[in-house]
Every structure is written in structure tokens, then in C-alpha cells.
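Visitor: would you be able to build a 3D model of this:
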Amino acid sequence: MMEFDLKDGMTIGQGSETETHRHVILRQLGAADVMDAMEASERVVPTPDGYQLVSSPARMGLELLRRQVKKLGVMNGPLSLEDLRRLSSDDLSLLQAHVEALDTATAKEIESRGRVQPAGDHAGG
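Guide: So this is what the prediction gives:
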């Protein structure tokens, strides 16, 4: 997990009962998150050869990003795409940078666990 604060935050509520939330908690993605994001990024579109199922890499990235937010202020994740749209461009960039940092840290952690030696490759032979 990783925690940080947004610059501008997200305002929740209406009228005099609004509150701006900045504190974000990110989590690592699981296989179900990735599969759900893949499915959400697919669309049926008409083509000259008939209708085809296509996936949008941009939509896939946003679907993964929104699922990686465990909590934003009092809001439990995942965020909706509408919630992402409400963020300032600075906050969206900050969120993307922290997700990338978490993914990098996770990859380094996995790498540091060591590598399995291939079968038949014994030291001292």
C-alpha cells in the first residue's frame, strides 16, 4: 500500500455541506482487478467487416488506475470513472505518478525475492 495527499483534492457534498478530501490510499492490483479492467475497456464497434470487439489501451489504463485507489478521504475505492473526471489535471498526474511508483516498488520487491535456479543448473556441477 502507498499513501499520499492530492494537491487539490475532491470535493464531496453540496451547498454548505461540502468537504474536500485529499488523502489517498493505493493498493496493489489483483488478477480479478486486471480481468475486470480488461472487460470494461472492451467495446463493440462497427467496422467495414462488421461489428468487432476492440479494446482501448487508454480506457484500460484508467480502469486499472481507478481500481488501484483503495480510499480517497472517506470514499472507499474503487473510484468511478466519473470520480476520476472530477480530479484536477494536477491531481490526476499525481495519482498516476504514485501508482507508477507503487508498481515499480512491487516489481522490485518481487525481484528481490531471488530467482529460481533452472533445473539441472547446479553449482559445483
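Visitor: going by C-alpha atoms from here, please, whenever you check contacts or count neighbours.
Guide: Noted.
Visitor: tell me the contacts of Val57?
Guide: In this structure residue 57 is Pro, not Val. Ser41 (Cα atoms under 8 Å, 6 or more residues apart in numbering).
Visitor: quick check: it vs Glu39, distance?
Guide: Pro57 is 12 Å from Glu39, where distance means Cα to Cα, to the nearest Å.
Visitor: got it, and Ala97?
Guide: Computed as Cα to Cα, the Ala97 to Glu39 distance reads 24 Å.
Visitor: contacting residues for Gln28?
Guide: The neighbours of Gln28, taking Cα under 8 Å, 6+ apart as the test, are 1, 68, 102-103.
Visitor: the residues you listed in helices, which ones?
Guide: 68, 102-103 (DSSP state H).
Visitor: give me the buried entries from these.
Guide: Among these, the ones that count as buried by 16 or more other Cα atoms under 10 Å are 68, 102.
Visitor: where is pLDDT lowest across the ones in helices among the contacts of Gln28?
Guide: Scanning the ones in helices among the contacts of Gln28 for pLDDT, the low point is Asp103. It has 84.
Visitor: where does pLDDT dip in the protein?
Guide: 114-125 (pLDDT under 70).
Visitor: mind running it again at 90?
Guide: Within the chain, the segments meeting pLDDT under 90 span 1, 12-18, 102-125.
Visitor: ranges for the strands of it?
Guide: Counting by DSSP state E, the chain has strands at residues 2-12, 19-26, 42-47, 50-55, 69-72, 75-76.
Visitor: can you name the residues in contact with the fourth one?
Guide: Residues from elsewhere that reach strand 50-55 (Cα under 8 Å, 6+ apart): 38, 41-46.
Visitor: distance of Gly77 relative to Leu64?
Guide: Applying Cα to Cα, the value for Gly77 to Leu64 is 12 Å.
Visitor: these two: which is more packed in?
Guide: Neighbour tally, Gly77 and Leu64, criterion other Cα atoms under 10 Å: the higher count belongs to Leu64, 21 against 17.
Visitor: quick check: Gly15 vs Arg22, distance?
Guide: 19 Å.
Visitor: out of those two, which sits in the busier spot?
Guide: More crowded of Gly15 and Arg22, by other Cα under 10 Å: Arg22, with 17 against 6.
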